[in-house]
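> for reference, the sequence and a predicted model appear below.
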Amino acid sequence: MKKMNNIVIVALCVAILGVLLMGCGKISSNNNKAVKNENTAFSEVLEAEELEAEQPEAVKDETVLKCEEIEKEIIEEYGDFEMFSTSELTGEMLENRMNGDKVIVERTKGIVLDDELNGLAEDHYISYRSVEGVQPGDEIITYLVYNPATSYIDDIIERYDVIVK
C-alpha cells in the first residue's frame with residue numbers, strides 16, 4: 001500500500017511539473033515576442049530621431065523655427081522656465097509660483113475669430129489686437145511669461161505670438 005501511495009505521489013508531481021513547464025514555455029515565448037516588439041518600437045524611435053537630427057535647419061517648418069527662437073529668447077531673458085499648455089496650467093500653480101525657482105510660461109494655440117481680432121485659445125478668450133498682420137481665421141501660437149516676483153494669476157510680463165504658417 002505504501003509503495004502505491006509513493007507511485008501516486010510521484011505521478012502527481014510529474015503531472016504538475018509537466019503542466020508548469022508547458023505553461024512557462026508559453027509565457028517565455030510571449031515574453032520573447034514582447035521584447036522583440038519593444039526592441040522594434042525602440043529602433044523605430046531611434047530611426048525617427050536620427051532622421052530628425054539629419055534634417056537641416058532650412059527644411060524645418062518656419063513656425064517651428066520661430067517657436068524655437070522664442071524659447072531660446074525666454075531662456076536668455078529669464079533663465080530656467082517651466083512651460084505648460086493652457087489646459088495643464090491651474091490657478092493654484094500660478095498663485096504659488098513664487099515658491100518655485102523657475103519662471104512659468106504658458107503656451108497656447110488659438111484662432112482669430114473676427115475682424116475685431118477676438119480669439120479663442122483652448123476654450124479661453126484671447127485678444128490678438130496686438131499681433132501685426134493677423135487676420136480672421138489665422139492660427140496663432142502664443143507664449144505668456146508670468147511674473148515670477150508676484151503671485152497674481154494675470155501678471156504677464158511678456159507675450160510672444162507666432163502666426164502658424
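Yep, that arrived.
> the nearest residue to residue 133 once chain neighbours are set aside: neighbour count?
Using C-beta to C-beta, 6 or more residues apart in numbering and skipping residues adjacent in sequence, the residue nearest residue 133 is residue 163, 6.8 Å away. For glycine as for every other residue, the C-beta is placed from the backbone atoms N, C-alpha and C. If you count neighbours by other C-beta atoms under 10 Å, residue 163 ends up with 18.
> swap in residue 72?
Burial measure for residue 72: 10 neighbouring residues, criterion other C-beta under 10 Å.
> any idea which element it lies in?
Residue 72 belongs to helix 62-78 when assigned by DSSP states H and E.
> which helices and strands does whatever helix or strand comes next after that helix pack with?
Sequence-wise, the next helix or strand downstream of helix 62-78 (DSSP H and E) is strand 81-85. Contacts defined by 3 or more C-beta pairs under 8 Å, 6 or more residues apart in numbering; DSSP states H and E place strand 81-85 against helix 62-78, strand 103-112.
> and the helices in this structure?
Using DSSP state H, the helices of the chain run over residues 2-54, 62-78, 91-95.
> run through the residues that contact the residue nearest to residue 133.
63, 131, 133-134, 138-140 (C-beta atoms under 8 Å, 6 or more residues apart in numbering).
> pick out whichever of those residues sits closest to residue 118.
residue 134 (11.1 Å; C-beta to C-beta).
> mind checking how far the nearest residue to that closest one once chain neighbours are set aside is from residue 108?
With C-beta to C-beta, 6+ apart as the criterion, residue 134 has its nearest non-adjacent residue at 5.0 Å, and that residue is residue 128. Counting by C-beta to C-beta, to the nearest Å, the gap from residue 128 to residue 108 is 12 Å.
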